[in-house]
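Chemist: Sequence plus predicted model, see below.
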Amino acid sequence: MDPPPRSTVLVGLGVLLFIGSMAVSAALAPAIGVTNGHDNRTLVSIQGGGPGWHHYGKVELLDGSTEVWNATSADSYFDVTMQPNGNVLAGFMNDSSRQCGPYPAPCARTGFQIIDPTPTPHVVYEYSFPVRNSKNSEVHAVQELPSGEFLLTDMDAERIFTVNRQGQTTWQWNASSFYHPPPDPTRRDWLHINDVDVIGPGRYLVSVRNANQLLVIQRGKGVVEVINKDRSNANDASCKQPGQLVPNASGDVRCGNPKILNHQHNPQWLDSGAVLVADSDNNRVVELHRAPNGTWHVAWTVTTVGGVPLDWPRDADRLANGHTLITDTLNRRIVEIDASGHVVWSYQTALIPYEADRLPAGETVGAPRADANTSHPTTPTGSVPVLSDVLVLLRAIYPGIPFWFGEVQLVLSFVAVGLVVAGVVDRYRT
């Protein structure tokens, strides 16, 4: 019997390599989506899927791991908070509006909605404004104040501001008063201000992602504290990525140490000397403590949960019982760990999640500190810059890629495709 043609062998090897590597990777992967008898209500926002994750956004209420209701009137959702009356306050973006103000139509509009979940979820109030670009211009955080005003981040103009129910701006703080601005912040992802929380009367904790810094802002005074101050020009490259911070006349930028915070999201103020942060680009959750000399340092760390390394987490809440609720964005899971780091509950989302709140309290100002002796770091697996960027791009296009599909699987896939292509080319050459 004649051996099979070389082209057939190459195609067969490519198919076997791809199927075999995927099957083995899936079989060896830890489980995601563990209930363990857990029965708590969790409010989850889904940023979405498709290009830029600007489609199929959703707010959902979970009872344990069962969806009670969902709202899908926006392309993307971000910060979500349940109000005392049961309504939900949600930051959102819609991508194809005809009401565009100074910008050409169609355009994106961003702002917040108030969603009444009964009898079926529907929007009872909406505030929004047009933005120049749909990418990195969203309102990521919104909070209702005792005055009835709403406190928002504005990533497009890089400010925090308040509006009343009539949509009138009643106060604002512009980041250009502290950071050196570009001529027009709406034309670049300059600072990416992605969170604001009230931590006292007229006192706000603000996350400036692209500067690796958290600011405490006091109304009437401006910035009164910087967490992760710029102490060395050696850090500047972290904040001068394309389209981000702009150097001043001396060539310097206000850039915090990326070993402490690196493009973070959604800090939680635990007390006057401790803050919990989703340290996104470091793929970890950290608790920072203030030292007696006023500097802040990493006191507690989580990098791996349930045997799965965190992949760009964007929210972490310390619960009253000492547990930590984490939104593990690119692994598409919401996971709760106890003080020992053990998974007590997790939920697999279909698309890209942004944040989660455990009800009824949600994210609180003030919560237990972690014991510094219970950090849960692991040896980082490391990343290959080009391959890691390709993986992020693939997940942006198709968020359904399994969490266990990493650099190794990507390389094996390239090899498998190469074998198949070589076989096909060989077949037509002969």
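Modeler: Looks like it arrived, so ask away.

Chemist: List the residue ranges of the stretch 301-430 of the chain that fall below the pLDDT cut-off.
Modeler: Along the stretch 301-430 of the chain, the parts satisfying pLDDT under 70 run over 378-385, 387-389, 391-393, 395-400, 403-404, 406, 423, 430.

Chemist: any chance you could map the strands in it?
Modeler: For the stretch 301-430 of the chain, the strands defined by DSSP state E, counting those that start in this stretch cover 304-305, 308-309, 313-318, 324-328, 333-337, 343-348, 352-358.

Chemist: For G48, which of those strands is the nearest?
Modeler: G48 sits nearest to strand 352-358 of all the strands of the stretch 301-430 of the chain, at 6.3 Å, using CB to CB. (C-beta placed from N, C-alpha, C; glycine too.)

Chemist: The closest one packs against which elements?
Modeler: With contacts taken as 3 or more CB pairs under 8 Å, 6 or more residues apart in numbering; DSSP states H and E, strand 352-358 sits against strand 41-48, strand 76-82, strand 313-318, strand 324-328, strand 333-337.

Chemist: for the ones you listed, which one sits closest to D195?
Modeler: Closest among the helices and strands packed on strand 352-358, using CB to CB: strand 76-82, at 7.5 Å.

Chemist: and the helix or strand just after the closest one, how far from the chain's centre?
Modeler: Sequence-wise, the next helix or strand downstream of strand 76-82 (DSSP states H and E) is strand 88-97. Offset of strand 88-97 from its chain centre (CA atoms, centre = their mean, to the nearest Å): 16 Å.

Chemist: now do stretch 154-169
Modeler: The mean C-alpha position of stretch 154-169 is separated from the chain mean by 21 Å, CA atoms, centre = their mean.

Chemist: Just the endpoints, please. Distance across that stretch?
Modeler: For stretch 154-169, the first-to-last residue distance is 12 Å (CA to CA, to the nearest Å).

Chemist: now stretch 223-235
Modeler: Start-to-end, stretch 223-235 (CA to CA) is 21 Å.

Chemist: How about stretch 344-352?
Modeler: Stretch 344-352 has an end-to-end distance of 22 Å (CA to CA).

Chemist: now stretch 218-226
Modeler: 12 Å.

Chemist: What residues sit buried inside it?
Modeler: Neighbour-count burial for stretch 218-226 flags 223, 225-226 (criterion: 16 or more other CB atoms under 10 Å).

Chemist: do the same with stretch 308-326
Modeler: For stretch 308-326, the neighbour count (16+ other CB under 10 Å) marks 308-319, 323-326 as buried.

Chemist: cool, and stretch 145-153?
Modeler: Here stretch 145-153 shows 149-153 as buried, counting by 16+ other CB under 10 Å.

Chemist: any chance of those in JSON lines, plus secondary structure and distance to D338?
Modeler: Converted to JSON lines, these look like this (DSSP: H, G, I helix; E, B strand; the rest coil; distance: CB to CB, whole Å):
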{"residue": "E149", "secondary structure": "coil", "distance to D338": "38"}
{"residue": "F150", "secondary structure": "strand", "distance to D338": "35"}
{"residue": "L151", "secondary structure": "strand", "distance to D338": "32"}
{"residue": "L152", "secondary structure": "strand", "distance to D338": "34"}
{"residue": "T153", "secondary structure": "strand", "distance to D338": "31"}
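
Chemist: Looking at those residues, which one is closest to A278?
Modeler: T153 (15.4 Å).

Chemist: isn't the closest one right up against T162?
Modeler: No. At 11.3 Å, T153 does not count as touching T162 under the criterion of CB atoms under 8 Å.

Chemist: got the residue ranges for the helices in the chain?
Modeler: Assigned by DSSP state H, the chain shows helices spanning 6-28, 236-239, 385-397, 407-429.

Chemist: Tell me which other helices or strands the shortest one touches.
Modeler: By that I understand helix 236-239. Packing contacts for helix 236-239, counted by 3+ CB pairs under 8 Å, 6+ apart, involve no helix or strand.

Chemist: which residues sit against it?
Modeler: Outside of helix 236-239, the residues within contact range by CB atoms under 8 Å, 6 or more residues apart in numbering are 210-212, 245, 247, 252-256, 258, 262.

Chemist: before we move on, the earlier item: out of the buried residues of stretch 218-226, which one sits closest to L43?
Modeler: Comparing those against L43 with CB to CB places E225 closest, at 29.7 Å.
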